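**Student:** got a sequence here, can you model it:
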Amino acid sequence: MESLHIIDAKPADLDADLLALGQKARKAARKLALASPEQKNSALFAAAALLREKTTELLAANAQDMTQARAKNLPAASLDRLSLNETRIASMAQSLEDIAALPDPVGRVLERFDRPNGLRIERVATPLGVVGVIFESRPNVTADAGALCLKAGNAAILRAGSESFHSSRLIHSCLVEGLREAGLPEDCIALIPTRDRAAVGAMLAGLNGAIDVIVPRGGKSLVARVQAEARVPVFAHLEGIVHVYVDGDADLAKAEKILLNAKLRRTGICGAAETLLIDRAGAGRLLAPLVEALLANKCEVRGDEATLAVDDRVKKASEEDWTTEYLDAIIAVKLVDGVEGAIDHVETYGSHHTDCIVTENLGHAEKFLREVDSAIVIHNASTQFADGGEFGFGAEIGIATGRMHARGPVGVAQLTSFKYVVHGAGQTRP
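**Tutor:** The predicted model follows:
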């Protein structure tokens, strides 16, 4: 890493250094693809131990980031994502250990079949190669993304947001030391060592063929730029327009519990609910209690005409509210005509991220789960379970809402591709 102290580099120097970083990552990826599961796991356990040992240093680095972020008047949701405390650092370390404990995804035989001519064909999981990850605010993504790529046999090139610069550099140093202790190339996990935004453009161009796939993790503007400019494949979701639909056959107590958790547990994450849909047929029983519960928990409610009539504190919803990812204690509320109306609304305004139905009617639940075309669909549980750790993936590098290769939480299995291995006994093609 000695050649990468380029925080104030001129653009020409930056381009040359980034290309060199890409070449090193490509070389490291070839070695990492052949590393044993034990070697990769050893690196992860060592990095986790270092994160715990350096808790005090990490808190100090994060305090620098938080001071600068407050000076820029970043919104509360961004500050929450940026903030580290002892609990979050411990969780970050535990996440590395959870990833290490997962089955190794590389070399898995996904399918095996024999042809009539005697050929035996296997589809075998392989690493993707070099994964570029561009993210904002969240310093824990440095650890999660680096660890997931490592476990899947991929080299990673990480570009942290300027807000988390100090925190991410220290977290990255723990990952690098873990690699060193395990005897793996330090270039397996590289962190772009500059705040210069030109680095994003260089990564999107692929660093002269070094990067195989880009994963953006951040706000709508970042992801939109990545999807528009990237010259390599992208795993991404543009935004999380997440719905909770409360059916006329819902249990009210269950619905209230799920709704408050889905909206307010952490408002700044992509799995937080942004729109509440309520079955018009059950509105007399459901609408007022759910709206009052939201207001009582200091959540701003923006509603349609029926919702406005519930409480003077409700604000009138505009058309824009149905397509807004608030990432704040704000929710849009609307009555719909049953499960069919809910599905129509979700498909019209949603972002295909995560959507939930609350109902005791299994027929309605099955219809919603079958017909809503989102990466994650949920029955009778909080949308905040839209998280790789909650899926048993150890962590996730993001929630992919596209339809190619990976969809939903992108964990170690989704960070692999495959090749066909053909075994013969002298066969030739006539």
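
**Student:** let's verify residue 174: helix, strand, or coil?
**Tutor:** Going by DSSP: H, G, I helix; E, B strand; the rest coil, the secondary structure assigned to residue 174 is helix.

**Student:** wait, what's in contact with it?
**Tutor:** With C-beta atoms under 8 Å, 6 or more residues apart in numbering as the criterion, the residues that contact residue 174 are 47, 50, 51, 54, 143. All C-beta atoms are positioned from the backbone trio N, CA, C, and that covers glycine.

**Student:** just the pLDDT for residue 2.
**Tutor:** Per-residue pLDDT puts residue 2 at 37.

**Student:** hang on, the earlier thing: of the contacts of residue 174, closest to residue 14?
**Tutor:** Closest to residue 14 out of the contacts of residue 174 is residue 143 (25.3 Å), distances taken as C-beta to C-beta.

**Student:** so who does that closest one touch?
**Tutor:** 47, 51, 92, 95, 96, 171, 174, 175.

**Student:** mind listing what the residue nearest to residue 160 when sequence neighbours are not counted touches?
**Tutor:** The shortest distance from residue 160 to any residue other than its chain neighbours is 3.7 Å, reached at residue 168 (C-beta to C-beta, 6 or more residues apart in numbering). Under the criterion of C-beta under 8 Å, 6+ apart, the contact partners of residue 168 comprise 139, 142, 158, 160, 191.

**Student:** could you report the separation of the fourth one from residue 72?
**Tutor:** Translated: residue 160. Taken as C-beta to C-beta, to the nearest Å, the spacing of residue 160 relative to residue 72 amounts to 16 Å.

**Student:** re earlier: looking at the contacts of residue 168, which are in helices?
**Tutor:** In this view, the contacts of residue 168 that belong to helices under DSSP state H are residue 142.

**Student:** turn the contacts of residue 168 into a markdown table, columns for distance to residue 404 and pLDDT.
**Tutor:** Conversion of those to a markdown table gives the following (distance: C-beta to C-beta, whole Å; pLDDT from 0 to 100):
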| residue | distance to residue 404 | pLDDT |
| --- | --- | --- |
| 139 | 29 | 93 |
| 142 | 26 | 95 |
| 158 | 23 | 97 |
| 160 | 26 | 93 |
| 191 | 28 | 96 |
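
**Student:** which single one of the contacts of residue 168 is nearest to residue 15?
**Tutor:** The closest of the contacts of residue 168 to residue 15 turns out to be residue 191 (C-beta to C-beta; 17.6 Å).

**Student:** pull the number of nearby residues for the closest one.
**Tutor:** Using other C-beta atoms under 10 Å, residue 191 has 24 neighbouring residues.

**Student:** my guess is it contacts residue 158. True?
**Tutor:** Yes: taking contact to mean C-beta atoms under 8 Å, the distance of 4.9 Å between residue 191 and residue 158 places them in contact.

**Student:** so what sits against both of those two?
**Tutor:** Residues touching both residue 191 and residue 158 by C-beta under 8 Å, 6+ apart: 142, 168, 172.

**Student:** got the residues you listed as JSON lines, with distance to residue 302 columns?
**Tutor:** As requested, the shared contacts of residue 191 and residue 158 are exported to JSON lines (distance: C-beta to C-beta, whole Å):
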{"residue": "142", "distance to residue 302": "35"}
{"residue": "168", "distance to residue 302": "35"}
{"residue": "172", "distance to residue 302": "41"}
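
**Student:** from these, which single one is nearest residue 38?
**Tutor:** Nearest to residue 38, judged by C-beta to C-beta, of these is residue 172 at 23.1 Å.

**Student:** now for the closest one: which residues touch it?
**Tutor:** For residue 172, the contacting residues are 142, 146, 158, 189, 191, taking C-beta under 8 Å, 6+ apart as the criterion.

**Student:** what helices and strands are in contact with the longest helix along the chain?
**Tutor:** Across the chain, the longest stretch assigned as helix under DSSP H is helix 11-32. Counting contacts by 3 or more C-beta pairs under 8 Å, 6 or more residues apart in numbering; DSSP states H and E, helix 11-32 is packed against strand 130-135, strand 155-159, strand 189-191, helix 198-204.

**Student:** these: which one's closest to residue 108?
**Tutor:** Taking C-beta to C-beta as the criterion, strand 130-135 is the member of the helices and strands packed on helix 11-32 that comes nearest to residue 108, at 18.5 Å.

**Student:** which other residues reach that closest one?
**Tutor:** By C-beta under 8 Å, 6+ apart, the residues outside strand 130-135 that reach it are 22, 25-26, 29, 141-142, 145, 149, 154-161, 200, 203, 207, 210-218, 222, 226, 232, 397, 415.

**Student:** isn't residue 269 right up against residue 384?
**Tutor:** Yes: using C-beta under 8 Å as the test, residue 269 is close enough to residue 384 to be in contact (6.9 Å).

**Student:** nearest residue to residue 238 in space, please, no chain neighbours.
**Tutor:** The shortest distance from residue 238 to any residue that is not its chain neighbour, by C-beta to C-beta, 6+ apart, is 5.1 Å, and that residue is residue 223.

**Student:** quick one: the one helix or strand that neighbour maps to to chain centroid distance?
**Tutor:** For residue 223, the enclosing helix or strand under DSSP states H and E is helix 220-229. Centroid separation for helix 220-229 versus its chain: 15 Å, with C-alpha atoms, centre = their mean, to the nearest Å.

**Student:** just to revisit the earlier point, which stretch among the helices and strands packed on helix 11-32 comes nearest residue 15?
**Tutor:** Closest approach to residue 15 among the helices and strands packed on helix 11-32 (C-beta to C-beta): helix 198-204, 6.4 Å.

**Student:** could you look up the SS state of the residue nearest to residue 160?
**Tutor:** Under three-state DSSP, residue 168 falls in the helix class.

**Student:** so it versus residue 28, what's the distance?
**Tutor:** With distances taken as C-beta to C-beta, residue 168 is found 19 Å from residue 28.

**Student:** coming back round to it: tell me the mean pLDDT for the next helix or strand after the helix holding residue 223?
**Tutor:** Once the chain leaves helix 220-229, the next helix or strand it forms, by DSSP H and E, is strand 242-246. For strand 242-246, mean pLDDT rounds to 98.
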